[in-house]
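> just coords:
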């Protein structure tokens with residue numbers, strides 16, 4: 001077998017194929033845009049086809065739950081948690097319920113150079129690093145293998161990630177007898193921006209500010225939580241300074257110009273209400289219109305319950321989380337990614353040609 005996928009629009013980079021390959025013949029390699037794709041090492045491939053058969057993008061149903069979801073507005077009771085969360089603190093409540101039972105939590109975190117990767121948390125302090133949104137595709141590494149090992153040891157596991165990552169995990173674990181201890185939580189995902197551009201952006205910030213980055217934060221609430229503020233407010237700090245600076249040029253490339261989005265996001269299989277997860281979390285946009293007394297400038301979460309497993313976990317959060325069931329029509333009206341993916345812009349190819357030839361400063365001046 002030469003390739004797992006036909007076109008780049010048919011691969012989300014979840015890595016399930018690499019972890020499922022019985023010969024270990026597949027490695028995840030970054031392309032010229034920084035996105036990971038499976039690379040088959042021909043000398044080890046036995047042409048068994050497992051990688052294609054179990055690919056979440058290629059399999060019928062894409063590992064989604066069959067039943068209709070239930071929609072909830074949710075808000076954490078703790079103001080401190082709300083301040084430290086991207087939306088209404090639902091992730092903190094859900095993960096606390098698992099940690100209380102001696103379970104483990106997997107989610108996106110930064111390493112020491114602010115690369116984004118999935119990590120494992122056994123404590124609230126470790127989990128807290130996963131709370132704020134990170135608008136870069138995370139490297140899953142050996143996460144699927146670690147999740148399986150935790151489940152086999154009898155521990156409960158909460159995995160959080162994008163819907164394609166959630167589907168990848170379900171593909172990897174298909175048929176495992178320990179799944180009753182697993183909770184899968186995905187996000188309503190706008191799309192995934194390039195890790196390569198993220199690296200170039202960090203380098204540019206350090207160059208412009210003559211120092212090393214010591215802090216980065218997407219989706220800060222310095223101006224309050226609202227849809228209008230959701231694509232601004234990126235904060236960073238430089239070594240030796242206590243002030244936090246703001247710069248929204250990466251946001252502009254991601255949300256406005258849209259040239260740094262992964263190709264598969266334009267053909268996402270998960271932009272509907274059928275989810276490859278037990279629960280889905282997002283911002284409850286529009287709550288001020290539908291239920292004004294629920295609005296909070298520190299955030300309100302949307303929680304979709306997609307399975308009995310998800311319903312059971314939500315019930316365990318009653319002490320920490322205020323929640324109320326809401327009509328599905330509200331979220332379908334406000335959340336575009338529950339109905340369709342976003343299209344790639346016509347300028348995308350030219351953007352990458354200019355970036356490779358002239359660098360990030362050039363494209364920021366000419367595209368943003």
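Here it is on my side, so go on. None of the values given here were measured: they were computed from a predicted structure.

> Could you use CA atoms for every contact and neighbour count after this?
Noted.

> Buried residues, the helix or strand residue 148 falls within. List them.
In this assignment (DSSP states H and E), residue 148 forms part of helix 143-152. The neighbour-count check on helix 143-152 (16 or more other CA atoms under 10 Å) flags 143-144, 147-148, 150-151 as buried.

> now do stretch 49-64
51-52, 54-58, 62-64.

> Closest to residue 339 out of those?
residue 64 (15.1 Å; CA to CA).

> what helix or strand does the closest one sit in?
Here residue 64 is assigned to no helix or strand, by DSSP H and E.

> Residue 27 and residue 88, how far apart?
Distance from residue 27 to residue 88, counting by CA to CA, to the nearest Å: 37 Å.

> Same drill for those two, tell me which one is more crowded.
Ranked by neighbour count (other CA atoms under 10 Å), residue 27 and residue 88 place residue 88 first, with 34 against 17.

> Would you mind giving both backbone torsions of that one?
For residue 88, the backbone dihedrals are phi -100, psi 10 (criterion: degrees, to the nearest 10).

> Name the nearest residue to it, sequence neighbours excluded.
Using CA to CA, 6 or more residues apart in numbering and skipping residues adjacent in sequence, the residue nearest residue 88 is residue 300, 4.0 Å away.

> So that neighbour is in contact with residue 73, correct?
Yes. With contact defined as CA atoms under 8 Å, residue 300 counts as touching residue 73 (6.8 Å).

> Please enumerate the shared neighbours of these two.
284, 287 (CA atoms under 8 Å, 6 or more residues apart in numbering).

> Could you tell me how far residue 286 is located from residue 315?
25 Å.

> So which of those two has more stuff around it?
residue 286 (18 against 13).

> ok, and the closest non-adjacent residue to the more buried one?
Residue nearest to residue 286 in three dimensions, not counting chain neighbours: residue 334, with 6.5 Å by CA to CA, 6+ apart.

> Verify the stated contact: that neighbour with residue 285.
Yes. The criterion here is CA under 8 Å, and residue 334 meets it with residue 285 at 6.0 Å.

> Quick one: the helices in this structure, in order.
Secondary structure of the chain by DSSP state H: the helices cover 16-20, 50-53, 79-83, 90-99, 124-128, 143-152, 163-173, 195-209, 249-251, 287-290, 308-315, 328-334, 348-358, 360-367.

> Any idea which of these gets closest to residue 109?
Nearest of the helices of the chain (CA to CA): helix 124-128, 8.9 Å.

> buried sites along that closest one?
Neighbour-count burial for helix 124-128 [16+ other CA under 10 Å]: 127-128.

> Run through the neighbouring helices and strands of that helix.
helix 90-99 (3 or more CA pairs under 8 Å, 6 or more residues apart in numbering; DSSP states H and E).

> so for the helix it packs on, what's the average pLDDT?
Averaged across helix 90-99, pLDDT comes to 98.

> Next, format the buried residues of stretch 49-64 as a markdown table and append pLDDT and distance to residue 17.
Putting those into a markdown table (pLDDT from 0 to 100; distance: CA to CA, whole Å) gives the following:
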| residue | pLDDT | distance to residue 17 |
| --- | --- | --- |
| 51 | 96 | 4 |
| 52 | 94 | 7 |
| 54 | 94 | 7 |
| 55 | 96 | 6 |
| 56 | 94 | 9 |
| 57 | 92 | 11 |
| 58 | 90 | 11 |
| 62 | 95 | 14 |
| 63 | 95 | 15 |
| 64 | 96 | 18 |
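
> What ranges does the stretch 201-350 of the chain have for its strands?
Assigned strands in the stretch 201-350 of the chain, in chain order: 213-217, 235-238, 245-246, 279-283, 301-305, 321-326 (criterion: DSSP state E, counting those that start in this stretch).

> Parallel or antiparallel, list what pairs with the shortest one.
Looking back up the chat, that one is strand 245-246. strand 235-238 (antiparallel) (DSSP bridges).

> what's the burial count for residue 340?
Other residues close to residue 340 by other CA under 10 Å number 15.

> for it, phi and psi?
phi -160, psi 150.

> dump the residue contacts of it.
Contacts of residue 340 (CA under 8 Å, 6+ apart): 271-272.

> Many thanks, we can stop here.
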